[in-house]
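Asker: okay, structure incoming, though there's no sequence with it:
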């Protein structure tokens, strides 16, 4: 986990062909002897999901990272050549930079729910679950994306409910580090939420969360609805 958060194992890549895939980018580095990639954070367009031509690649060793900078820079990938360099510290005026330079607030006693914003609009509950379950066990139906009441389109934020407060603490701490928490390659902001989850949330198909997960209305209160 420390390697994923460290710039010492990371490179910044520009010039990636827009029609390429993550697998093709990985094959490019492997073909040049940099085979120990442990994570790829390539920016994508929200509407199409296609690569935007730049991003970060994290290696398991500093040797591979240095080799990529020294030997892969200015090499062609398809019809474009790549610019590869050491990453810069995130700027304070960006989501990554502000998170990296801020200290998470104290966790409210017993809080096991977090608020997540800056989600990709096409992200689904399973995508959020996959990103956040590394920090702890999420209760059944514990991921609730807030959606427009009429067209069911995501509003770009959600709530995640963990079984224990330790999970909420872990996700807030992880998101406070550079590149700490991402959903579908997009960095997200995470903070504690002290309200109770409302059963009036609906999934993408319009089904009530409380009905799907058999939660009585008396167990739900102050959370804003998805309207």
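Answerer: Yep, that arrived. Since we're looking at a predicted model, the values are computed, not measured.
Asker: which intervals of this structure have sub-threshold pLDDT?
Answerer: Scanning the chain for pLDDT under 70 picks out 1, 46, 89-102, 178-179, 195-227.
Asker: in it, which spans are helices?
Answerer: With helices called from DSSP state H, the chain shows them at 2-5, 22-31, 62-67, 95-100, 125-132, 165-175, 209-212.
Asker: TSV for these, including distance to residue 54 and mean neighbour count?
Answerer: Where you see a C-beta, it was placed from the backbone N, CA and C, and this is true even at glycine. Below are those laid out as TSV (distance: least, C-beta to C-beta, whole Å; neighbours: other C-beta atoms under 10 Å):
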stretch	distance to residue 54	mean neighbour count
helix 2-5	18	14
helix 22-31	11	16
helix 62-67	17	17
helix 95-100	14	17
helix 125-132	21	18
helix 165-175	22	21
helix 209-212	37	16
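Asker: out of those helices, the one nearest residue 82 is which?
Answerer: helix 22-31 (7.7 Å; C-beta to C-beta).
Asker: show me what that closest one is packed up against.
Answerer: strand 37-44, strand 51-59, strand 76-77 (3 or more C-beta pairs under 8 Å, 6 or more residues apart in numbering; DSSP states H and E).
Asker: about what we covered before: turn the helices of the chain into a markdown table, columns for distance to residue 45.
Answerer: Formatted as a markdown table, the helices of the chain follow (distance: least, C-beta to C-beta, whole Å):
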| stretch | distance to residue 45 |
| --- | --- |
| helix 2-5 | 24 |
| helix 22-31 | 14 |
| helix 62-67 | 27 |
| helix 95-100 | 18 |
| helix 125-132 | 16 |
| helix 165-175 | 23 |
| helix 209-212 | 30 |
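Asker: so which of those helices gets nearest residue 52?
Answerer: Within these, the stretch nearest residue 52 is helix 22-31; the backing value is 12.4 Å (C-beta to C-beta).
Asker: got the contact list for that closest one?
Answerer: Contact with helix 22-31 is made by 13, 16, 35, 37, 40, 42, 51, 57, 68, 72, 75, 77, 82, as judged by C-beta atoms under 8 Å, 6 or more residues apart in numbering.
Asker: just the closest of those residues to residue 107, please.
Answerer: Taking C-beta to C-beta as the measure, residue 107 lies nearest residue 40 of the contacts of helix 22-31, at 31.4 Å.
Asker: neighbours of the closest one, how many?
Answerer: For residue 40, the tally of surrounding residues (other C-beta atoms under 10 Å) stands at 16.
Asker: tell me who's in contact with the spatially closest residue to residue 36 that is not a sequence neighbour.
Answerer: Nearest non-adjacent residue to residue 36, counting by C-beta to C-beta, 6 or more residues apart in numbering: residue 60, 3.9 Å away. By C-beta under 8 Å, 6+ apart, the contact set of residue 60 is 3, 9, 36-38.
Asker: thank you kindly, that will do.
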